[in-house]
Structure formats: structure tokens, C-alpha cells
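A.B. asks: sequence-free structure coming up:
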Ligand code: URA
């Protein structure tokens with residue numbers, strides 16, 4: 001027997017909870033119009049007022065003894081994706097709609113999945129809005145580093161339009177290695193402790209965290225002003241990428257209009273700064289390295305704990321190339337792309353290097369490519385992981401691995417890319433600017449110092465960029481000649 005709104009179902013905890021209830025309701029063949037769907041809110045009450053707990057809710061007791069078997073509902077992959085996304089649409093209307101769609105589908109009414117259908121159109125629109133909210137949260141959320149050094153290290157506050165916090169939290173958990181962070185929203189919080197992701201629906205807990213830090217804010221704003229590059233400003237792109245309504249989420253938001261105005265006024269200056277590799281590295285004389293017997297490393301690179309960089313990296317990035325390569329190219333440290341993929345020089349700097357090698361007549365497969373430091377060192381700036389120059393102690397800690405590679409491969413020529421690589425190979429007494437492109441004999445090998453390819457990427461203007469790349473090409477071509485005659 002069915003009466004209008006006879007059944008009251010309470011969804012606690014999103015899609016999974018709704019799905020459990022929906023399957024039972026389908027098993028009982030309850031038509032959509034006989035069910036009132038209610039959501040239990042984080043604070044414990046049910047949105048929509050008083051409600052009776054249905055027997056279906058009583059998980060501890062389990063389903064009633066005469067409960068029919070759950071039906072098998074086969075839905076298309078597309079519809080499943082739509083349901084998943086629409087379930088994140090923050091409105092109590094989502095659950096009745098989802099049930100109506102599944103009910104009709106289960107009755108054989110395939111039109112319900114189409115955007116031309118009334119229910120289908122609502123489902124599509126809700127899913128679309130949720131997908132946009134997912135994208136926006138990932139694009140516009142900004143972490144701030146805590147000034148007090150406490151844990152979690154990074155904090156962010158964001159007000160997503162829909163229930164996309166778990167989705168974004170998964171994304172950031174995968175991206176931020178062992179760095180701990182906390183994201184607060186009005187509807188819950190997510191916390192990454194470096195190993196596990198914790199998601200809480202308690203908004204109270206969300207507001208209890210110290211999200212406004214008087215010390216951090218000015219630092220963050222100073223950073224943003226320093227990395228803002230008026231010469232490359234494209235206002236339309238800025239507004240398209242970062243719609244004005246999101247600016248309030250960003251500490252730098254209030255600065256944007258003024259910076260845009262200054263850029264319009266002709267304040268053309270390159271504000272990005274910091275040449276790569278200004279920190280001295282450990283002297284590792286090739287001769288001395290070769291004199292040492294090839295010792296098996298104490299542990300494999302994967303287990304390396306010689307410095308702290310492993311904590312925040314996805315993985316170490318070993319060198320790669322033929323075991324008997326005549327040419328070895330040494331960079332500074334893996335970047336964002338390399339950290340995620342585990343392969344050296346595959347990001348933007350790698351593209352510049354590939355091009356330079358091609359112009360120098362050197363096949364990438366013929367050289368041994370490695371880095372002075374094997375773990376990615378970075379700082380979080382918003383959702384981006386920005387390269388941070390390794391400290392000397394980190395270069396020193398990692399020298400064991402570079403030395404092991406040099407001894408194993410025994411290259412005839414080593415091209416050092418950037419100051420960190422040069423210092424890691426030859427020591428601090430060889431500043432890059434004094435030795436650029438000049439081959440230096442070290443034991444059995446030549447060392448040819450040149451720029452790091454990412455220096456070209458930061459160059460102020462096409463002419464400068466081309467000149468840097470030309471220098472790199474010349475150094476590699478010279479190295480190739482030395483390798484073929486040595
Ligand atoms: N920069 C480097 O020094 N090495 C890489 O592998 C990538 C970028």
C-alpha cells in the first residue's frame with residue numbers, strides 16, 4: 001500500500017548513504033512521490049524539521065526480516081558520473097531528484113538520462129555546476145604557511161559552492177607530499193597529517209582553527225607582489241582565470257586591482273627574482289670520487305633519509321641514461337613534473353634542454369641525465385608548488401648519490417647546468433659566471449659549466465632568453481666534441 005509521503009528517509013553522509021537508502025526503497029518499489037528525503041546536518045539536526053526515523057535507517061538492527069532482496073540496478077557509466085556529481089549539489093532537492101532519476105531508469109525509462117528530459121536537464125545542470133565548483137576550489141584555494149611553525153603547516157579557508165571539499169582534499173593530499181595542511185569551509189574541514197586524510201563535517205571545528213595569521217598575511221602579500229609580473233599581464237586572461245568573485249578568497253585579492261592599474265601605467269618591471277643555484281654546493285672532485293672504490297650505497301635512493309627533503313617530495317628522481325654514456329648532464333634538482341613522474345627533466349626546463357640538445361646534435365637517449373639533488377624542494381604558494389633552491393647541507397647530503405653515478409658511469413664529459421650543479425661537481429671555488437662555457441679538466445673527465453635551462457625560462461625578454469639558450473647549445477656541442485675526441 002502506498003500513501004503520499006509515507007516514507008521518510010534521512011540521508012546522513014552524502015551519496016553512499018543516499019544510495020543505500022535508494023536501493024532499499026527500490027526493493028520495496030516505493031515510488032518517488034511516496035518518499036520524503038531529509039538530510040541530517042553536521043550539527044545533528046535534520047534539515048527540513050521534525051522527522052521520523054524509518055526502519056530503513058536503523059543500520060544496527062539491519063533491514064526488516066521480510067525485506068525484499070536489493071535489486072540490481074544497472075546504470076550507464078555516464079549516468080553514474082552524473083549522479084555522483086549531482087549528489088554534491090548543495091540543496092535538499094538533490095536526493096528526491098536522484099531517486100526520481102534512478103526510479104525512472106529502473107522502470108526502463110532511458111530518456112531520464114538525457115538533457116532533453118525535464119529531470120535529466122536538472123541532473124545535467126546540477127552536475128555541471130558541481131564540476132565547476134570542483135575546478136574552482138582547486139584553482140582558487142590558497143594555502144598560507146603558518147608563522148608559528150605549528151602543525152598543520154599550511155592553512156586555507158574556502159567557501160565552495162557545493163560539497164566538493166572531499167574531492168579537493170584528495171587532490172591536495174596527492175600533491176603536497178608529507179606537508180601537513182588543513183582546509184576549512186563553512187560546512188566542514190579537511191586535514192592532511194602527511195599520511196592520512198581526515199574529513200570532518202563539523203563546521204565548528206572548522207572555525208576553531210587559526211586561519212588568520214597576522215604575521216603570515218603580510219609575508220604572503222609581499223610574495224605575491226614580488227612574483228606578479230606586469231610585463232606579462234593579460235588582464236582578460238587574469239579575469240577569465242580568476243573571476244573577480246574569487247578574489248575575496250585570496251590574500252592577494254585586494255592587491256590585484258592596484259597592481260593591474262600600475263601595470264597599465266607602464267610599470268614594466270620583471271619582479272620574479274632569484275637565480276637558480278645561488279647556494280654553494282659541496283665540493284666533489286671528480287678525481288677524488290673516482291679514486292674511491294665503488295661502494296654500495298648504504299641504502300637505496302628510495303629510502304634515503306640523509307636530509308629532510310624526502311618528507312615533502314613524492315619520490316626521489318634518480319639519474320637515467322646509458323650505463324656507459326660519454327656525456328653526463330647534471331641539473332639542480334627535480335621540479336614539480338619530475339617529482340610527480342619520477343623522471344628527470346621532463347617539465348618545462350626539460351623541454352628547453354631537449355631543444356638545446358637537438359640543436360647541439362646530441363640525442364637525449366645517448367646522455368646520462370641527473371641532478372645534484374634527487375628530491376624536489378618546494379614551497380607551497382596557493383595550489384602551486386614553487387621550486388626552492390636546495391641548501392648547501394642538502395646538496396652535500398645528496399652528493400653520495402651523484403658521486404655514485406659519476407663513478408658508475410665514468411663519463412668523459414660532464415655538463416653542469418646552473419650554479420648548484422657546478423658547485424656540486426667542482427666545489428664553491430668555481431662561480432658559474434667566471435667559468436661559463438669553459439671546459440675544466442678534472443681527473444679523467446672534462447667539466448663544461450653552463451646555464452640552467454630554467455634560467456632561460458625566467459629571462460626578461462625573448463632576446464635574453466635566446467642568448468641563454470644559445471650558450472647552453474654551445475656548451476653541449478662543445479661537450480659532444482670533447483667526448484668524441486677524448
Ligand atoms: N630542473 C632540474 O634541475 N632538473 C630537473 O630534472 C628538472 C628541472
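C.D. replies: Looks like it arrived, so ask away. The model shown is predicted, which means the values in this text are computed figures rather than measured ones.
A.B. asks: Residue 102 and residue 76 touch, don't they?
C.D. replies: No - with contact defined as C-beta atoms under 8 Å, residue 102 does not reach residue 76; the gap is 11.9 Å. (Glycine included, C-beta is placed from N, CA and C.)
A.B. asks: Show the contacting residues for the residue in the stretch 201-350 of the chain that the ligand sits nearest to.
C.D. replies: With C-beta to the nearest ligand atom as the measure, residue 331 is the residue of the stretch 201-350 of the chain nearest to the ligand, at 2.7 Å. Contacts for residue 331 (C-beta atoms under 8 Å, 6 or more residues apart in numbering) come out as 344-345, 349, 353, 369-372, 417-418, 421, 452-453.
A.B. asks: could I get the residues you listed as a markdown table with distance to the ligand and neighbour count?
C.D. replies: Below are the contacts of residue 331 laid out as a markdown table (distance: C-beta to the nearest ligand atom, whole Å; neighbours: other C-beta atoms under 10 Å):
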| residue | distance to the ligand | neighbour count |
| --- | --- | --- |
| 344 | 4 | 26 |
| 345 | 4 | 26 |
| 349 | 4 | 25 |
| 353 | 8 | 28 |
| 369 | 7 | 23 |
| 370 | 8 | 24 |
| 371 | 5 | 30 |
| 372 | 8 | 28 |
| 417 | 6 | 31 |
| 418 | 7 | 27 |
| 421 | 7 | 31 |
| 452 | 6 | 26 |
| 453 | 7 | 26 |
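A.B. asks: Sort out for me which of those are in helices.
C.D. replies: Judged by DSSP state H, helices contain the following of the contacts of residue 331: 349, 353, 421, 453.
A.B. asks: Excluding sequence neighbours, find me the nearest residue to the third one.
C.D. replies: Looking back up the chat, that one is residue 421. Distances taken as C-beta to C-beta, 6 or more residues apart in numbering put residue 330 closest to residue 421, at 4.2 Å, once the chain neighbours are dropped.
A.B. asks: For the chain, which helix or strand comes out least confident on mean pLDDT?
C.D. replies: helix 286-291 (a mean of 31; mean pLDDT, DSSP states H and E).
A.B. asks: Parallel or antiparallel, list what pairs with the helix or strand following that helix.
C.D. replies: Once the chain leaves helix 286-291, the next helix or strand it forms, by DSSP states H and E, is strand 327-331. Strand 327-331 has its sheet partners listed here by DSSP bridges as strand 368-371 (parallel), strand 413-417 (parallel).
A.B. asks: What average pLDDT does the first one get?
C.D. replies: Pointing back at strand 368-371 there. Averaged across strand 368-371, pLDDT comes to 98.
A.B. asks: ok, and what's touching that strand?
C.D. replies: In contact with strand 368-371 (C-beta under 8 Å, 6+ apart) are residues 317-322, 325, 327-334, 344-345, 402, 405, 409, 411, 421.
A.B. asks: What's the PyMOL line that selects buried ones from the residues you listed?
C.D. replies: Typed into PyMOL, the line below selects the buried ones among the contacts of strand 368-371, using 16 or more other C-beta atoms under 10 Å:
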select buried, resi 317+318+319+320+321+325+327+328+329+330+331+332+333+334+344+345+402+405+409+411+421
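A.B. asks: Spatially nearest residue to residue 398, not counting backbone neighbours?
C.D. replies: Residue 398's closest residue in space is residue 373 (C-beta to C-beta, 6+ apart), at 4.6 Å.
A.B. asks: can you check residue 328 too?
C.D. replies: Nearest residue to residue 328, sequence neighbours excluded (C-beta to C-beta, 6+ apart): residue 411, at 3.8 Å.
A.B. asks: before we move on, what about residue 409?
C.D. replies: Using C-beta to C-beta, 6+ apart, the nearest residue to residue 409 is residue 368, at 5.0 Å.
A.B. asks: Count the neighbours of that neighbour for me.
C.D. replies: By other C-beta atoms under 10 Å, the residues close to residue 368 number 23.
A.B. asks: Any idea what it is bridged to?
C.D. replies: Residue 368 forms beta bridges with residue 328, as assigned by DSSP bridges.
A.B. asks: Distance of it relative to residue 408?
C.D. replies: According to C-beta to C-beta, to the nearest Å, residue 368 and residue 408 sit 9 Å apart.
A.B. asks: tell me the pLDDT at the residue most central in space within the chain?
C.D. replies: Nearest residue to the geometric centre of the chain (C-alpha atoms, centre = their mean): residue 175, 3.6 Å. Looking at residue 175, its pLDDT reads 84.
A.B. asks: How about it: what's its closest non-neighbour residue?
C.D. replies: Nearest one to residue 175, counting by C-beta to C-beta, 6+ apart, is residue 385 at 7.0 Å.
A.B. asks: Neighbouring strands - and their directions - for the helix or strand that contains that neighbour?
C.D. replies: Using DSSP H and E, residue 385 falls within strand 384-387. When pairing is defined by DSSP bridges, strand 384-387 lines up against strand 378-381 (antiparallel).
A.B. asks: who's in contact with stretch 465-480?
C.D. replies: Stretch 465-480 has contacts (C-beta under 8 Å, 6+ apart) with 327, 329, 352-353, 355-357, 359-362, 413, 415, 417, 436-437, 439, 446, 448-451, 453, 455-457, 459.
A.B. asks: how about it: buried residues?
C.D. replies: 465, 468-469, 471-480.
A.B. asks: which of the residues you listed sit farthest apart?
C.D. replies: By the measure C-beta to C-beta, 465 and 480 form the most distant pair in the buried residues of stretch 465-480, at 22.8 Å.
A.B. asks: how about the residues of the stretch 201-350 of the chain that lie near the ligand?
C.D. replies: Contact residues (C-beta under 6 Å from any ligand atom) of the stretch 201-350 of the chain with the ligand: 331-335, 338, 344-345, 347, 349-350.
A.B. asks: what's the neighbour count on residue 168?
C.D. replies: Counted with other C-beta under 10 Å, residue 168 comes out at 24.
A.B. asks: Who are the contact partners of it?
C.D. replies: Applying C-beta under 8 Å, 6+ apart, we find residue 168 in contact with 134, 137-138, 141, 158, 160, 183, 190.
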